[in-house]
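S.K.: Curious how this folds, go ahead:
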Amino acid sequence: MNIVLFGGSGFLGSHVCDALSDAGHAVTLVDLRPSPWLRPDQRMATGDLLDEKLVDEVVSGADAVFNFAGIADIGEANSRPVDTARVNVLGNVIALEACRKAGVKRYVFASSLYVYGKSGGFYRCSKQSCELYIENYHAMHGLEYTILRYGSLYGPRADRRNAIHRFVAEALETGTITYYGSPEALREYIHVEDAALSTVEILRPEYANQNIVLTGNEPMRVGDLFRMIGEMLGRDLEIKFQNDPGSGHYQITPYAFMPKVGRKMTPHLSIDLGQGVLRVMEEVHRALHPDLPEAGGFYLDEKSFHDGK
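M.R.: Reported below is the predicted structural model:
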């Protein structure tokens with residue numbers, strides 16, 4: 001299939017592009033900046049989702065369009081409500097309209113578990129609005145869709161807006177992790193590579209016009225996650241739990257009594273949370289110490305490296 005993915009330079013989008021290419025699809029990435037992970041078998045278009053002419057041009061001839069663009073951080077969305085509405089909601093409508101005019105066969109949208117509840121602030125508002133537009137484009141124009149409500153993602157290519165990446169970076173740099181919430185807060189973490197592989201599967205006919213929940217299968221309390229990170233680093237971490245009711249994050253569950261139903265999908269084979277966190281540690285450590293020599297998978301100080309030990 002010819003596939004266009006908006007937000008292809010981002011954390012999740014870049015991994016989904018790779019998984020689509022590995023599955024044999026012809027992939028075009030669209031983003032504000034060139035992707036540092038662009039492959040030779042992928043095409044790149046640099047531009048803004050709000051540019052209607054550009055969107056019409058790149059969508060023309062596509063079989064499926066993935067919209068993974070927009071403001072995805074709750075704190076950023078709460079501090080930039082107008083931009084969140086403009087980029088997330090209006091950008092989504094521009095993409096939908098381009099798909100309608102081009103006769104696209106499937107529209108795939110990256111949503112969130114936050115649509116199920118009352119937490120998530122303006123980020124939740126934008127995702128709920130987008131889902132309503134998508135469902136109405138299907139009802140009015142017959143545009144098939146799949147809505148993917150992702151859970152707590154982690155893995156390579158993330159930055160400090162990603163929770164586990166930030167926790168690991170703080171632990172490595174300062175020996176302290178600050179968390180706005182309770183140690184009893186529950187999350188079902190899913191490795192971004194597992195999420196990307198599952199995302200490719202939803203192009204099958206049975207996932208048309210479905211709302212799919214994509215999370216991990218290892219529920220974990222954040223307090224236990226912090227203890228695991230400390231054990232893996234071999235140090236006693238100082239954990240600072242802060243009460244911030246305005247953070248917008250849920251504690252135990254994103255669900256509130258609301259009429260939204262989705263089928264849950266978990267990977268058949270998945271990356272173990274401990275192994276996944278270890279890979280995050282390695283990535284963050286390399287970023288913090290880019291000049292540190294490496295041999296046989298071990299990081300060495302300069303003396304050991306030159307002595308061959």
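S.K.: hey, let's count contacts and neighbours off CA atoms from now on
M.R.: Fine.
S.K.: What are the boundaries of the helices in the stretch 1-150 of the chain?
M.R.: Taking DSSP state H, counting those that start in this stretch as the test, the helices found in the stretch 1-150 of the chain are 11-22, 52-59, 74-79, 81-84, 91-102, 121-141.
S.K.: Would you reformat these as CSV and include mean pLDDT and distance to Asn217?
M.R.: Converted to CSV, those look like this (pLDDT from 0 to 100; distance: least, Cα to Cα, whole Å):
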stretch, mean pLDDT, distance to Asn217
helix 11-22, 98, 19
helix 52-59, 98, 35
helix 74-79, 92, 23
helix 81-84, 97, 30
helix 91-102, 98, 30
helix 121-141, 96, 23
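S.K.: can you put those in TSV and add mean neighbour count?
M.R.: Shown next, in TSV, are the helices of the stretch 1-150 of the chain (neighbours: other Cα atoms under 10 Å):
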stretch	mean neighbour count
helix 11-22	22
helix 52-59	17
helix 74-79	18
helix 81-84	18
helix 91-102	20
helix 121-141	19
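S.K.: closest one to Leu288 among these?
M.R.: The minimum distance between Leu288 and those falls on helix 11-22, with 19.0 Å, by Cα to Cα.
S.K.: Name the residues that touch that closest one?
M.R.: With contact meaning Cα atoms under 8 Å, 6 or more residues apart in numbering, helix 11-22 is reached by 5-8, 26-27, 29, 35, 37, 41-42, 68, 156-158, 192-193, 196-197, 199-200.
S.K.: where in the stretch 151-300 of the chain is pLDDT low?
M.R.: 244-270, 293-300 (pLDDT under 70).
S.K.: all strands for it, in order.
M.R.: Residue ranges of the strands in the stretch 151-300 of the chain, as given by DSSP state E, counting those that start in this stretch, are 152-154, 176-180, 186-191, 210-214, 219-221, 238-242, 263-265, 294-295, 298-299.
S.K.: Dump these to a markdown table, plus distance to Gly103 and mean neighbour count.
M.R.: Output for the strands of the stretch 151-300 of the chain, formatted as a markdown table (distance: least, Cα to Cα, whole Å; neighbours: other Cα atoms under 10 Å):
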| stretch | distance to Gly103 | mean neighbour count |
| --- | --- | --- |
| strand 152-154 | 32 | 22 |
| strand 176-180 | 45 | 17 |
| strand 186-191 | 33 | 21 |
| strand 210-214 | 19 | 22 |
| strand 219-221 | 40 | 15 |
| strand 238-242 | 50 | 14 |
| strand 263-265 | 27 | 15 |
| strand 294-295 | 51 | 12 |
| strand 298-299 | 52 | 12 |
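S.K.: now these in TSV, with distance to Cys125?
M.R.: As requested, those are exported to TSV (distance: least, Cα to Cα, whole Å):
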stretch	distance to Cys125
strand 152-154	18
strand 176-180	21
strand 186-191	21
strand 210-214	17
strand 219-221	26
strand 238-242	25
strand 263-265	21
strand 294-295	46
strand 298-299	45
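S.K.: Quick one: closest of those to Asn78.
M.R.: Short answer: strand 176-180, nearest of the strands of the stretch 151-300 of the chain by Cα to Cα, at 15.5 Å.
S.K.: which residues sit against that closest one?
M.R.: By Cα under 8 Å, 6+ apart, the list of residues contacting strand 176-180 reads 167, 170-171, 226, 237-244, 247.
S.K.: mind redoing it with 6 Å?
M.R.: Strand 176-180 has contacts (Cα atoms under 6 Å, 6 or more residues apart in numbering) with 167, 170-171, 237-244.
S.K.: same deal with stretch 89-106?
M.R.: Contacting residues not belonging to stretch 89-106 are listed as 49-50, 56, 60, 63-64, 126, 130, 144-145 [Cα under 6 Å, 6+ apart].
S.K.: Only the buried subset of those, as a PyMOL command please.
M.R.: Only the buried entries of those go into this PyMOL selection, using 16 or more other Cα atoms under 10 Å:
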select buried, resi 49+50+56+63+64+126+130+144+145
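S.K.: and of the contacts of stretch 89-106, the nearest to Ala85?
M.R.: Closest to Ala85, out of all of these and judged by Cα to Cα, is Ser126, at 6.2 Å.
S.K.: In contact with the closest one, which residues?
M.R.: Val89.
S.K.: I'd like the distance between the spatially closest residue to His141 that is not a sequence neighbour and Ile147.
M.R.: The shortest distance from His141 to any non-neighbouring residue, by Cα to Cα, 6 or more residues apart in numbering, is to Arg100 (7.1 Å). Going from Arg100 to Ile147 by Cα to Cα, to the nearest Å gives 17 Å.
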